Each structure stands twice: as structure tokens, then as C-alpha cells.
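A.B. asks: mind folding the following:
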Amino acid sequence: MSATPEPAPPDKDAARKRSAWLAPAAVFALALSVTAVLLLSVTRSIELRDRAAFEAEASRTADAVRERIDTTITLLHGVTGLFAASRNQVSRHEFADYMAQLDLGDRYPGILGIGYTVRLEPAEVPHLEERMRSQGGEPDFRVWPPDPRPTYYSIVHLEPLNKRNRAAIGYDMSTNPVRRAAMERARDLGRPAASGKVTLVQEIDADKQAGFLIYLPVYRGERLPRDLAERRGALEGFVYAPLRVGDLLQGVRGSRGREIDFALYDGEQIRSDALMRSTREPQAVPPAYSAMRQLDVAGRPWLLVLTSRPALESRSQRRLVPWLAALSVAVSALLAWITLVQARARRAAESAAQQRRLNELALRASEERARERAQRLEQLYEEQRESDRRKDEFLAVLAHELRNPLAPIRNSLEILNRAPDGELARRARAIAVRQVRQMVRLIDDLLDVSRISRGKIVLQVRRVRLAEVVDAAVETSRPLMEEREHRLHAGFVDPDLELDADPTRVAQILTNLLNNAANYTPPGGDVWLLVSTPGPGEVRIVVRDNGIGIEPQKLREIFDLFMQVNRSPAGGGLGIGLSLAARLAEMHGGRIEARSEGLGRGAEFVLVLPRAGHGPAAEHAPGAVADAAGG
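C.D. replies: The predicted structure is shown next:
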């Protein structure tokens, strides 16, 4: 006879019931944990994408403001060319004919006009008034205000000569301290200078806007006086442009103007009395994103504060996160319930061998499904990696295709630069050449970043003299140094000091460090390049400047891709130069260290590389395949 199984004791049966709930609870907790991690990742990704969209709109707005200021300065340079060609003897009709060709009213909104103010001694004032009344077509001309002063600067030309501009004819702008400060700065420096916030004399209607003026000095002779005393003595007057800020900045937010607001301040601080233009409207909730951009307007700082609008935030996918969270909780509960049902079925089947068999089959089926899910997850992971690889390749191809048209453009500009032409044309061509070279440098850096991320850069290592590499980097950076009027102090480099390295990439590292120093050092600053060998196995190359410096808490961020810690008024590219230099240094077995005592105290970057015979040169054998064409 077979023995009848004894019933389980009550305490053991209760323990089994409690254990049946442990697995579902664990599954529910684990599913919630995974869901939380995934939701955090998705939320972070959405936040980064929304921030990137806002930053792109902010940069486009700031660039549009800079472009309109640069256009105004270019027009002023053209007018000074007119005075230089006429030996500063430009009649009212000649000036009016020249300005009529520019068509300021239709082509350059915000520029009320372009004028000329002449420098006068007190004894010359009556003669000027008589000449302007009899020959200048201004029967009511007078120099005003009439108060006596050592020197007068009276407006004699101002086009287009409409109702607004007629109100300013004869006005002595030096009687206003804000205008006078800008005129003195332009006179002493010999270059354009912008005034602070003013109310223009032309504001004769009730609808008044904040305004400012840009001055460009006109000197006697055919060359720019060399020193301060000579410039003050040779000054004939100023070509200037009065600008209304509201009209000048109309449309700078581009096609997506409803998605971003800005407030423009004269100076470097947010003050109500310095506000020049604001597009902000009252909102029920504070804006999600904000940014500030420093602008250099003809030597005067402006602060551009940008904020997002509800239209930009409405395009965000953050509203989907609560739905995803609710769906994830529901799925987690469903998994827990399924687990509970399986546990109960397994406990009910323990009384019979057949049921145990069924439970074993169910368990194997569950394990098979788990393996299939794991395989599916692995497949999804591989697909994601493939997608990332294709994205990197796409960026490389995009950068390469963008770069192809730049070579013929640059060659054409070089050909035009050889043809004799006026000063205005040469300046315009110089601007175009500089911008094209800047685009080429930025795109080259983008290509290198993409190639490094995809492992497409292989160093062409050979034994090279460090002095030759340093000379190549200095020569590459010299045009930027000269343009920024910097003094480059290059120390002695031992001609026998050698590296096992790719000379082109090491020169690229040094060039990026030198260009970074030039971009973040005000004009007329100093840049040092020093080489030392503190130990037998390494060489240290120091690039130091006395520029704007770096905040200590931000020293760790400066090597991150697309990071610009302190925005330079001269511009600094896309924020990839230092990141690219650091990655190339690591590929050589070296590193870059950044140091600064704070804002206004300059910065120092130290490139540490292994000397010949001490580095990982064997990992990059000469003759290996270098960068593939097109990335």
C-alpha cells in the first residue's frame, strides 16, 4: 500500500503563502527600478535636446545682431574712403550722390543715416555757417548749442536728408558726454567706436526708441597717424551713423522669432537704465531656458539676455514623460501579477507529480522567454550601436561635403584680392577671406572630432625634432596673433630635443592652444610659449597668456566637447579646439593640464609628451593607413 501524504503543518503552509508573494514583489520592485533609470535617461535626453535647440536659436540671434553692427561699420569705412579719395573735400552734392547709391532706408533698416561732423576752432564757426548758408543749400544753418567751447564738432552732412535728419544738422555732438566719450575713443584708437545708450537728436516724434552712434575718425593725409599725439593733431572730423535700436534689431530672431525673447543692455550688467531693447512679454510661468551673450560693438560691450518662450517649450517631448511613467508602472504591475499567478500555480501543483512536471515545463518555458528577451535586448543594443556609428559617419560626410565648396571660394577670393580696386572692395574681400578660413578651420576640427570618435585617426609616428614642430605651430598661429595685435614670446627650444610622434598632429595641438590664447586675450596682450624638460622621460610645452582667465571651478569643463566656459568678444569657434587637442595628446601618451588664478588673471595650458624612446610609439607604426578621404 502506498502511504498517504501527511498534510503540511499550519506554520509551514503559512510560510509558503508568504513566500508566494516575495517573487511578485521582487519583480515589481526590479521593474520599477529599471523603469526609473530609463525614465531618467529619457528625461535627460529630452532636456539636452531642448537646451540645444534653445542655444542654437540664441546663437543665431546673437550672430544676427553682430552681423548688422558689422554691416554698419563696413558702410562707414566706405564713406571714409570717399573722403580719402577727395582729400577730405567732399561737397554736399557729392556726399548726397554717394549716399543715394547705398539706399539706406530700404536696404539697411535701423540706420537713420550716415553723416559727417567737422572739427572746428571757435574762429572757424562763423565761416562755416556762412559757407553752409550760401553754398551748402542750408539757408538756416547754425552750429548749436551756441555755448562757447575750445573745439566744435558740427554736423555738416547727413543723408538721407529727411525730416528727422534735418533736425540734427549743425548739432555739435561733443557737447553730450556720452557721445563725446565715443568720439575721443575713436580719435585716439583710429578705429570705429560706439557710444553708449542715448536719445538721438532725430527723435522728434512721440514714438522714441533707444539709440546709439558709431564713429569713425577722418584724418588729414593718406595714412593713419602712428601715435596718439599725431592722431589728435591730424583729426579732421568723424564719419558716423545714428542707429535706432528697435529698428536695427527688427527680425534678428529669424523665422522662429516666436520661440525666443531677448533683452539688450548697454554695458556688461543688467540694469533698467541700460536697457536698449526688449521683446519680452508677461508670462504666467518663468521661461524654461535662459542664456547670456557678450557682444563687442565697436569696442563697447553689450549684454544680450535671451529667454525661451512658450512656443519653444511646447515643442518639447517632456509632456510624454508622465504617460511613459504611468505605462511603465502598469507594465511593472502586470509583470508582478503574472509572477504571482505563476507562483500560486506552482504551489498548487506541488501535491502531484504530474503537476510538478507541468510546473517544470512552465519554468523551462519561462526561462526560454527570458533568454529570448535577453537576446532581443542584445539585438536592440547592437542596433543602437549601429545607429550611433551611422550617425558619426553621417556627421563626417556632412562636414566633408560642407568643406568641398570652400576651396574654390577661397581661391576665387585670392584671385580677386590681386586685382587693383578701391579700399572698400579690399576690406570686403579681406572679411570674406577671413570668414572662409574660419569656416575651414571649424569644419576641419569637426572632421577630426568625428574621426577620433570613430577610431579613424591613426598617428603617423616618426622621430621628429620638437623645434621644427614648434616653429610650424607658431607660423600657423602668427596671422591670428598679428590680427589681434598680440606679442608672442617663444622661448628657446633645444634643437636636439626629439619626440616619437606624428608631427602634424602635435603641431595641430600647439596651434589650437596658441589660437585659444589669442582668442581669449584682449588686443595688445602677451602670449608665451615655453619648453622645458623636467625629467628624463617627458617634455613640457607651456602656452601662457594674460587674457580673461578661467574661473577655478570651471577648469575641469574646458576640455569637454562644444564647451566654451567664458565667451570671448573675439569669438572662439565651436568649442572643440581644446577637446580635440586633449584627445590628440592622449593618443600620443601625453596629457594637457589647465591652470588659471581666476578671471582677469590669464590662463596657462601645459602639454606633457613623452620624449623619444619613452612613449607608446610602437602602437602607431609608421606607414599605417591615415585618415580616409572624406572621413
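A.B. asks: below-threshold pLDDT in the stretch 1-150 of the chain: ranges please.
C.D. replies: Where the stretch 1-150 of the chain drops to pLDDT under 70, the residues are 1-20.
A.B. asks: helices along that one, start to end?
C.D. replies: 10-85, 92-102, 104-107, 125-134 (DSSP state H, counting those that start in this stretch).
A.B. asks: do you know which of those helices lies nearest residue 292?
C.D. replies: helix 10-85 (8.9 Å; CB to CB). Every C-beta, even on glycine, is put in place using the N, C-alpha and C of the backbone.
A.B. asks: make a markdown table out of the helices of the stretch 1-150 of the chain and add distance to residue 267 and mean neighbour count.
C.D. replies: Shown next, in a markdown table, are these (distance: least, CB to CB, whole Å; neighbours: other CB atoms under 10 Å):
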| stretch | distance to residue 267 | mean neighbour count |
| --- | --- | --- |
| helix 10-85 | 15 | 15 |
| helix 92-102 | 30 | 15 |
| helix 104-107 | 28 | 12 |
| helix 125-134 | 35 | 15 |
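A.B. asks: where does the stretch 451-600 of the chain have low pLDDT?
C.D. replies: In the stretch 451-600 of the chain (pLDDT under 70), the answer is 562-575.
A.B. asks: show me where it has its helices.
C.D. replies: Secondary structure of the stretch 451-600 of the chain (DSSP H, counting those that start in this stretch): helices located at 466-483, 503-519, 577-587.
A.B. asks: single out the most deeply packed of those helices.
C.D. replies: helix 503-519 (a mean of 23; mean count of other CB atoms under 10 Å).
A.B. asks: how far does it sit from the chain's center?
C.D. replies: 19 Å (CA atoms, centre = their mean, to the nearest Å).
A.B. asks: buried set for stretch 191-209?
C.D. replies: Within stretch 191-209, the residues scored as buried using 16 or more other CB atoms under 10 Å are 192-198, 200-203, 209.
A.B. asks: among those, which two are most distant?
C.D. replies: Greatest spatial distance among these (CB to CB): 192 and 203, at 22.7 Å.
A.B. asks: ok, residue 558 touching residue 578?
C.D. replies: Yes. If you go by CB atoms under 8 Å, residue 558 and residue 578 touch, sitting 5.6 Å apart.
A.B. asks: only alpha carbons, please: show stretch 341-359 as PDB.
C.D. replies: The C-alpha trace of stretch 341-359 is given here as PDB (Å, rounded to 0.1, in the frame of the first residue of the first chain):
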ATOM      1  CA  VAL A 341      -0.100  33.700 -10.800                       C
ATOM      2  CA  GLN A 342       2.800  31.500 -11.700                       C
ATOM      3  CA  ALA A 343       3.900  31.200  -8.000                       C
ATOM      4  CA  ARG A 344       0.400  30.200  -7.000                       C
ATOM      5  CA  ALA A 345       0.100  27.700  -9.800                       C
ATOM      6  CA  ARG A 346       3.500  26.200  -8.900                       C
ATOM      7  CA  ARG A 347       2.400  25.900  -5.200                       C
ATOM      8  CA  ALA A 348      -0.900  24.200  -6.200                       C
ATOM      9  CA  ALA A 349       0.900  21.700  -8.400                       C
ATOM     10  CA  GLU A 350       3.300  20.500  -5.700                       C
ATOM     11  CA  SER A 351       0.800  17.900  -4.500                       C
ATOM     12  CA  ALA A 352       1.000  15.800  -7.600                       C
ATOM     13  CA  ALA A 353       3.900  14.600  -9.700                       C
ATOM     14  CA  GLN A 354       2.100  15.400 -12.900                       C
ATOM     15  CA  GLN A 355       1.600  18.900 -11.700                       C
ATOM     16  CA  ARG A 356       5.200  19.100 -10.800                       C
ATOM     17  CA  ARG A 357       6.000  18.100 -14.400                       C
ATOM     18  CA  LEU A 358       3.800  20.800 -15.700                       C
ATOM     19  CA  ASN A 359       5.400  23.300 -13.400                       C
END
